[in-house]
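J.: missing the sequence, but the structure's below:
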């Protein structure tokens, strides 16, 4: 359990840090995280597409705000704090370590334009694919 005053873990418990620890442990942790996000995304897409009767806009772009919850016995769980989609998504870029701060935004912009065009074109298709 996390000490609520110092926010420290007991000696036998730690979270996976992406730059520390054993490679296999970090790999397994990253795969677990990616699987959680992919499963959550696919479930949400199916629910929204079924309810709306058309493709959900989360397939164009969405941002998941993921939190970590540690239960009473020290088991770590992920949870989704919020999902923001397309035009309402807040984005942050880390420019403090890079002089080329527009490169990632340019890539995002051109990729988004392609995906958004495909989404709008696909809306004309009466076949909904999950």
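T.: That came through, no problem. Just so we're clear, the structure is a prediction, and the values are computed from it rather than from any experiment.
J.: can you pull the contacts of residue 35?
T.: Shown in contact with residue 35 (Cβ atoms under 8 Å, 6 or more residues apart in numbering): no residues. Just so you know, the C-beta spots here come from the backbone N, C-alpha and C atoms, and that holds for glycine as well.
J.: where's it relative to residue 111, distance?
T.: If you measure residue 35 against residue 111 using Cβ to Cβ, to the nearest Å, the figure is 23 Å.
J.: Then residue 28?
T.: Distance of residue 28 to residue 111, computed by Cβ to Cβ: 29 Å.
J.: Helix, strand or coil: sort out residue 80 for me.
T.: Under the three-state scheme (DSSP: H, G, I helix; E, B strand; the rest coil), residue 80 adopts strand.
J.: beta partners of it?
T.: Counting by DSSP bridges, residue 80 forms beta bridges with residue 66.
J.: Quick check: it touching residue 64?
T.: Yes. If you go by Cβ atoms under 8 Å, residue 80 and residue 64 touch, sitting 5.8 Å apart.
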